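*Asks:* Take a look and give me a structure for this.
(one chain, ligands or ions: 1)
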Amino acid sequence: MTLYLKDATFIHWESFDISQTNLAVEPGLQGGIRRLEKIPQEDGLTARDRIIDCRGKLVTKSFGCGHHHIYSTLARGMPAPRKIPTDFTEVLQYIWWHIDKRLDLEMIEASALASALYCAKNGVTFVIDHHASPFAITDSLPTIANAFDRVGIAHMLCYEISDRDGEGPREEGLAETDSFLAAGHQGHVGLHASFTVGDELLSKAVELARKHDTGLHVHVAEDRADQEDALAKYGKRVVERFHDAGALELTKSILGHCIHLSDREKQLLADSGVWVVQNVESNQNNNVGLAGYADLGARMMLGTDGMHCDMLRSAKAAFLVGQATEGIGFDGIYGRFRNVHRYIQKFGSQGDGDNNLVVLDYDAPTDLTQENFLGHFIYGIDARHVESVISQGRPIVANRQVLSVDEKEVLAHARAMGRKLWEKM
Ligand SMILES: [Zn+2]
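*Replies:* Sure, this is the predicted structure:
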């Protein structure tokens, strides 16, 4: 099967070079794109070939999310917690840990399907997820992987292992991670955060990541409480603790948030090869503070932290917050928005090749050029412009309709699972 994009206005995602062209999009993990003078005539097409008319539409590389939580999907609109949280630790205790302990595999599958569906509709074709379900750990990662595959979203998954629920869930988390990675899936060794991870677990996690040639995926200094805990228990700050445990030598590691860091911690991160993911909307929502990241070097990505599945929205939020925290420019935010592709490529991960594309029906009120593309990116282009989405050469959204799964069915099942979850709360 070859997919043809006819009369596209193609924007190169790195150079912003704009060209009028036809494209042939090859399927599969290794598939690429070719420019064509002309789309083959009907007698030159096979029955499975497909043409999307892109006249007047922009075509560019689709998007990726550097930090997501599918487990939060069924939280939308849920009943108020028993106690209104007054700080971040209570947000975890009364909201997220209250939910994730009640998830079963059926709810996890429904969460992953609905989340993948939203990703598809927002032009996000690659997701790095961080999952928690302390009483349904075994098989949770393959369940999520299958759901993402059904929708057509590539992924790197992990289970956020911790000591918060004792030895049983901790060992089960390690075993689930080991078997998932041993089966050849892309992923990380997930840890919740320093304050829920003892030294024994930290060292086992680093060892497991080395065994599978991957990195950790962990929340770091999201709230001051994480630093206070590390100083009280270990006499060092969170990043110093991870450094001493060898975690920063695992350059595939992804550290979420990194809000409350000392200058020495920032230096340790800048000198290491690890990556940091910024999630400003979640940080505002949890009132944990905001950070500028200019000192951390170039390995910065953007995520949603499970709040939604719209990376264009994350980029705009990071741009607005970044005005106050670090005076960031259009190019700085766009670089972070696109660094997820550089991360995937650097470590040889699959599923984010050139045959992952979005078709945008962008109703620009002014000319769009190579020079001013970033102005349109920041102030204009958003999720409502995403008309078609191509994942690994396969159309998964066309005319804003998801093709790979039945949207009504996926959402009806998610709502049923939401009711089941809320009854248990
Ligand atoms: Zn997170």
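*Asks:* make it CA atoms for all contacts and neighbour counts henceforth
*Replies:* Noted.
*Asks:* Hmm, R224 is touching C258, no?
*Replies:* No - the criterion here is CA atoms under 8 Å, and R224 misses it with C258 at 10.3 Å.
*Asks:* Looking at these two, which is more packed in?
*Replies:* A side-by-side neighbour count of R224 and C258, using other CA atoms under 10 Å, places C258 first with 25 against 14.
*Asks:* can you pull the contacts of that one?
*Replies:* By CA atoms under 8 Å, 6 or more residues apart in numbering, the contact set of C258 is H219, V220, A221, E222, V276, V277, Q278, A291.
*Asks:* distance of it from D223?
*Replies:* Applying CA to CA, to the nearest Å, the value for C258 to D223 is 9 Å.
*Asks:* How about T177?
*Replies:* Counting by CA to CA - T177 and D223 are separated by 26 Å.
*Asks:* Which parts of the stretch 301-425 of the chain are strands?
*Replies:* Assigned by DSSP state E, counting those that start in this stretch, the stretch 301-425 of the chain shows strands spanning 357-360, 386-391, 394-398, 401-402.
*Asks:* Looking at the ones you listed, which is nearest to V127?
*Replies:* strand 386-391 (12.2 Å; CA to CA).
*Asks:* Figure out how far the closest one is from the centre of its chain.
*Replies:* 17 Å (CA atoms, centre = their mean, to the nearest Å).
*Asks:* helices or strands next to it in the packing?
*Replies:* helix 105-121, strand 357-360, strand 394-398 (3 or more CA pairs under 8 Å, 6 or more residues apart in numbering; DSSP states H and E).
*Asks:* number of nearby residues for G77?
*Replies:* G77 has 8 nearby residues by other CA under 10 Å.
*Asks:* brain fart, D244
*Replies:* 12.
*Asks:* Now do the same for it: its pLDDT.
*Replies:* According to the prediction, D244 has pLDDT 98.
*Asks:* ok, it to Y234 distance?
*Replies:* 11 Å.
*Asks:* Neighbour count: T177 and D223, which is higher?
*Replies:* Neighbour count, other CA under 10 Å: between T177 and D223, T177 has more, with 31 against 22.
*Asks:* helix or strand for that one, which one?
*Replies:* Using DSSP states H and E, the element containing T177 is helix 167-182.
*Asks:* what's that helix packed up against?
*Replies:* Counting contacts by 3+ CA pairs under 8 Å, 6+ apart, helix 167-182 is packed against helix 140-151, strand 160-161, helix 199-211.
*Asks:* For this protein, which residue occupies the most central location?
*Replies:* Nearest to the mean C-alpha position of the chain, by CA atoms, centre = their mean, lies C65 at 2.7 Å.
*Asks:* distance of Q41 from G332?
*Replies:* 43 Å.
*Asks:* what's near enough to touch the residue lying closest to F135 once chain neighbours are set aside?
*Replies:* Nearest residue to F135 in three dimensions, chain neighbours excluded: K101, at 5.7 Å (CA to CA, 6 or more residues apart in numbering). Contact analysis of K101 by CA under 8 Å, 6+ apart lists S133, P134, F135.
*Asks:* Equivalent analysis for D354, please.
*Replies:* Residues counted as contacts of D354 (CA under 8 Å, 6+ apart) are G31, G32, I33, K61.
*Asks:* Next: S272.
*Replies:* So S272 contacts L248, E249, T251 (CA under 8 Å, 6+ apart).
*Asks:* And N356, by the same measure?
*Replies:* Neighbour list for N356: K61, S62, T125, V389, I390, S391, Q392, G393 [criterion: CA under 8 Å, 6+ apart].
*Asks:* rewinding a little: I'd like the list of the contacts of S272 that fall within strands, please.
*Replies:* With strands taken from DSSP state E, there is no overlap with those.
*Asks:* Give me the subset of the contacts of D354 lying in helices.
*Replies:* Among the contacts of D354, no residue falls in helices (DSSP state H).
*Asks:* circling back: want to try TSV for the helices and strands packed on strand 386-391, with mean pLDDT and mean neighbour count as columns?
*Replies:* Below are those laid out as TSV (pLDDT from 0 to 100; neighbours: other CA atoms under 10 Å):
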stretch	mean pLDDT	mean neighbour count
helix 105-121	98	25
strand 357-360	98	26
strand 394-398	97	22
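*Asks:* Count the residues that sit near Y159.
*Replies:* There are 28 residues near Y159, going by other CA under 10 Å.
*Asks:* Start and end of stretch 398-405, how far apart?
*Replies:* Terminal residues of stretch 398-405 are spaced 12 Å apart (CA to CA).
*Asks:* now do stretch 2-16
*Replies:* Start-to-end, stretch 2-16 (CA to CA) is 25 Å.
*Asks:* List the contacts of it.
*Replies:* So stretch 2-16 is in contact with 17-27, 39, 48-61, 370-371, 373, 393-394, going by CA under 8 Å, 6+ apart.
*Asks:* so R150 touches V405, yeah?
*Replies:* Yes - counting by CA under 8 Å, R150 does reach V405; the two are 7.0 Å apart.
*Asks:* In terms of neighbours, single out the busier of these two.
*Replies:* When neighbours are counted by other CA under 10 Å, R150 and V405 differ, and V405 comes out ahead with 17 against 14.
*Asks:* Where does pLDDT dip in this protein?
*Replies:* Residues of the chain meeting the criterion pLDDT under 70: none.
*Asks:* ok, of the contacts of K101, which come out buried?
*Replies:* Using 16 or more other CA atoms under 10 Å as the burial test, the contacts of K101 include S133, P134, F135 as buried.
*Asks:* Which member of the residues you listed is positioned nearest R419?
*Replies:* Using CA to CA as the measure, the one of these that approaches R419 most closely is S133, at 17.2 Å.
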